[in-house]
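Colleague: predicted model and sequence follow; I will ask about them next.
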Amino acid sequence: CIASYRGDSVTLVFDSFKDDFQKATGIKVTSVRSEAKAGIVLSVNQTLAPEAYKLDVSPKQIRIEAARPAGFYYALQTLKQLISRHVMAGVAVGGRQEWSIPTVEIEDVPRFEWRGFMLDEGRHFFGKDEVKRVIDIMSTYKMNRFHWHLTEDQGWRIEIKKYPKLTEIGAWRDRTVIGRNTEEYDNTRYGGFYTQEQAKEIVKYAGERYITVIPEVDLPGHMLAALAAYPEMGCTGGPYEVCPRWGVFEDVLCIGNEKSMQFLEDVMAEIIDIFPSKYIHIGGDEAPRTRWKKCPKCQARIRTEKLKADKNHTAEDRLQSYCMTRIEKLLNSKGRQIIGWDEILEGDVAPNATVMSWRGSAGGIKAAQLGHDVIMTPNDYCYFDYYQSEDTRHEPFAIGGFVPLEKVYSLNPTASLTEEQAKHILGTQANLWTEYIPTSEQVEYMVLPRMAALAEVQWTQLEKKDYTNFTTRLAGLIGLYRRDGLNYREPFRQQADSTATEKK
Ligand code: ACM
Ligand code: ZN
């Protein structure tokens with residue numbers, strides 16, 4: 001099989017495709033400059049949108065057009081899927097396999113520029129290999145943002161050189177609660193973290209798949225692991241424990257303490273050094289005001305900054321806004337933009353912030369109306385830690401909720417917005433919180449095939465979405481999961497379950 005390509009921008013993509021293709025099929029691809037002789041032709045078409053591609057498979061030749069490397073990459077991903085599908089039905093002739101590709105004409109362009117997936121490694125730590133596997137899965141779905149949730153009450157997962165105790169102490173918990181916040185613990189030390197070098201390796205690995213890594217340092221709440229390492233940064237001074245339970249905790253960062261603010265600024269300086277992304281996620285969710293109300297330093301900050309309560313916000317709400325805005329200013333001065341969870345709308349929203357809507361879509365709609373950019377991750381559609389079936393007896397123990405495949409597919413991230421407001425919706429992503437997801441197998445089970453449904457929300461124009469059509473293509477996907485040794489939830493089991501119930 002020989003291929004020709006025009007344009008240096010595609011050389012890199014093509015080289016990696018050659019290797020991938022050979023691994024999958026055993027067929028060696030060599031490149032030639034003559035189009036006529038080539039089995040696969042890649043050519044640059046500047047009239048196409050940045051991530052768009054055209055794939056034309058005729059009996060004679062496979063032709064791919066794109067404007068940018070990402071477009072070629074996506075076309076080649078589709079090609080690999082089309083080929084492998086036929087491997088399943090492939091004929092082995094005298095030990096030799098035959099491969100085929102259906103003739104197709106595809107013109108594809110994503111509906112949204114932000115096509116993300118978030119992995120929480122604070123609650124459970126999966127390690128570099130699994131993160132790469134998740135990135136691989138994302139890449140087959142042509143997703144382009146990996147939101148890496150790296151800090152939590154239960155573990156701090158990224159090396160910060162100026163604060164070594166964050167990972168010496170903060171990356172390890174002595175015990176983990178059993179079940180749903182019972183009084184029983186496993187009394188087993190648990191943890192792990194990424195060195196800066198390892199994190200950079202992930203950034204590079206993702207980049208080679210046209211995926212940007214967006215780090216999240218969640219502040220000023222969800223900080224118990226950091227407080228266990230540096231108790232002087234909390235309002236009470238501790239002692240604190242890397243948290244063995246799940247939930248929202250009252251001990252948060254002391255914003256009145258200039259040392260805590262300096263800590264955040266120092267952490268951000270190292271974070272932007274590791275992660276070249278335009279956006280840095282700074283959390284902002286679930287930060288109780290309890291400690292700030294009683295803390296003399298926080299109250300002094302409220303006075304000196306003249307933070308005032310009004311009918312909608314307390315002075316402590318404004319204290320959180322003060323913290324977010326200060327970090328935003330710092331990051332903006334370094335050419336970066338912040339993302340915050342929708343709680344940042346409670347107070348004065350940091351002026352350039354992009355809002356990630358998670359408590360349903362209301363926060364995202366409000367933010368878009370205020371002129372902020374928005375990423376829609378409403379929990380009732382996008383929380384992949386929620387159950388996939390109402391019959392939870394036959395599912396792995398999960399946090400709750402119910403987000404079946406069809407619900408994911410049905411998301412329209414721009415619903416209830418005017419055309420002008422809809423322009424602020426950068427896109428959508430799924431979030432995988434991992435309190436109840438201790439293993440890589442379970443990560444895959446929760447993600448597949450829901451990620452396929454999400455990918456169609458991210459790529460397909462609204463008027464072309466069709467769930468019935470999607471379900472007819474699922475069997476092919478399941479074949480790919482089996483081929484790649486991925487764990488997944490059998491998508492038709494729910495129907496089988498309900499049929500069985502009806503028969504009783
Ligand atoms: C969140 O689920 N606390 C963002
Ligand atoms: Zn305080």
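Modeller: Ah, there it is. Ligands and ions are numbered 1, 2, ... in the order given.
Colleague: Ile169 and Asn312: what is the separation?
Modeller: When CB to CB, to the nearest Å is applied, the distance between Ile169 and Asn312 equals 39 Å. Backbone N, C-alpha and C define where each C-beta goes, glycine included.
Colleague: got any ranges where the stretch 251-400 of the chain has weak pLDDT?
Modeller: Of all residues in the stretch 251-400 of the chain, none has pLDDT under 70.
Colleague: around ligand 2, pick out the residues from it.
Modeller: Applying CB under 5 Å from the ion, we find that the stretch 251-400 of the chain lies next to ligand 2 at 254, 256, 295, 297-298.
Colleague: which ones among the residues you listed are found in helices?
Modeller: 297-298 (DSSP state H).
Colleague: between Ile169 and Asn312, which is the more surrounded one?
Modeller: The residue with the greater number of neighbours, taking Ile169 and Asn312 and applying other CB atoms under 10 Å, is Ile169; the counts read 17 against 8.
Colleague: mind listing what that one touches?
Modeller: With contacts defined as CB atoms under 8 Å, 6 or more residues apart in numbering, the neighbours of Ile169 are 228-229, 242.
Colleague: nearest to Thr195, of these?
Modeller: Ala229 (16.5 Å; CB to CB).
Colleague: what about the closest one, how many neighbours?
Modeller: A total of 21 residues lie near Ala229 under the criterion other CB under 10 Å.
Colleague: kindly report the same for the one 4 residues further on.
Modeller: Using other CB under 10 Å, Met233 has 24 neighbouring residues.
Colleague: does it really touch Lys259, like I thought?
Modeller: Yes - using CB atoms under 8 Å, Met233 is in contact with Lys259, at 6.4 Å.
Colleague: so where is the stretch 51-200 of the chain shaky, pLDDT-wise?
Modeller: In the stretch 51-200 of the chain, residues with pLDDT under 70: 84-97.
Colleague: near ligand 1, which residues of the stretch 351-500 of the chain?
Modeller: With CB under 6 Å from any ligand atom as the criterion, the stretch 351-500 of the chain comes near ligand 1 at residues Trp358.
Colleague: of all the residues in the stretch 351-500 of the chain, which one is nearest ligand 2?
Modeller: Closest to ligand 2 within the stretch 351-500 of the chain is Ala353: 23.0 Å, counting by CB to the ion.
Colleague: likewise for the stretch 1-150 of the chain?
Modeller: Shortest the stretch 1-150 of the chain-to-ligand 2 distance, computed as CB to the ion: residue-wise this is Gly122, at 22.5 Å.
Colleague: residues contacting the residue nearest to that residue when sequence neighbours are not counted?
Modeller: Nearest residue to Gly122 in three dimensions, chain neighbours excluded: Glu152, at 2.3 Å (CB to CB, 6 or more residues apart in numbering). With contacts defined as CB under 8 Å, 6+ apart, Glu152 is in contact with 120, 122-123, 218, 222, 225, 243.
Colleague: show me what Glu152 is bridged to.
Modeller: When bridges are taken as DSSP bridges, the partners of Glu152 come out as Gly155.
Colleague: ranges for the helices of the stretch 201-350 of the chain?
Modeller: Assigned by DSSP state H, counting those that start in this stretch, the stretch 201-350 of the chain shows helices spanning 224-229, 258-274, 290-294, 296-304, 315-333.
Colleague: and if you look at the stretch 1-150 of the chain?
Modeller: Secondary structure of the stretch 1-150 of the chain, counting by DSSP H, counting those that start in this stretch: helices at 11-25, 69-88, 128-140.
Colleague: next, the angle helix 11-25 makes with the second one.
Modeller: With axes from the mean of the first three to the mean of the last three CA atoms, to 10 degrees defining the directions, helix 69-88 sits at 10 degrees from helix 11-25.
Colleague: for helix 69-88, output the C-alpha coordinates as CSV.
Modeller: Taking Å, rounded to 0.1, in the frame of the first residue of the first chain, the C-alpha atoms of helix 69-88 are listed here in CSV:
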residue,chain,number,x,y,z
PRO,A,69,-2.9,18.4,10.6
ALA,A,70,-5.8,17.9,13.0
GLY,A,71,-8.2,17.4,10.0
PHE,A,72,-5.9,14.8,8.5
TYR,A,73,-5.6,13.1,11.9
TYR,A,74,-9.3,12.8,12.2
ALA,A,75,-9.7,11.5,8.7
LEU,A,76,-7.1,8.8,9.4
GLN,A,77,-8.9,7.9,12.7
THR,A,78,-12.1,7.4,10.7
LEU,A,79,-10.2,5.3,8.1
LYS,A,80,-8.7,3.1,10.8
GLN,A,81,-12.2,2.5,12.2
LEU,A,82,-13.6,1.7,8.8
ILE,A,83,-10.9,-0.8,8.1
SER,A,84,-10.9,-2.5,11.4
ARG,A,85,-14.7,-3.0,11.2
HIS,A,86,-14.1,-5.2,8.3
VAL,A,87,-11.5,-7.2,10.1
MET,A,88,-14.2,-8.6,12.2
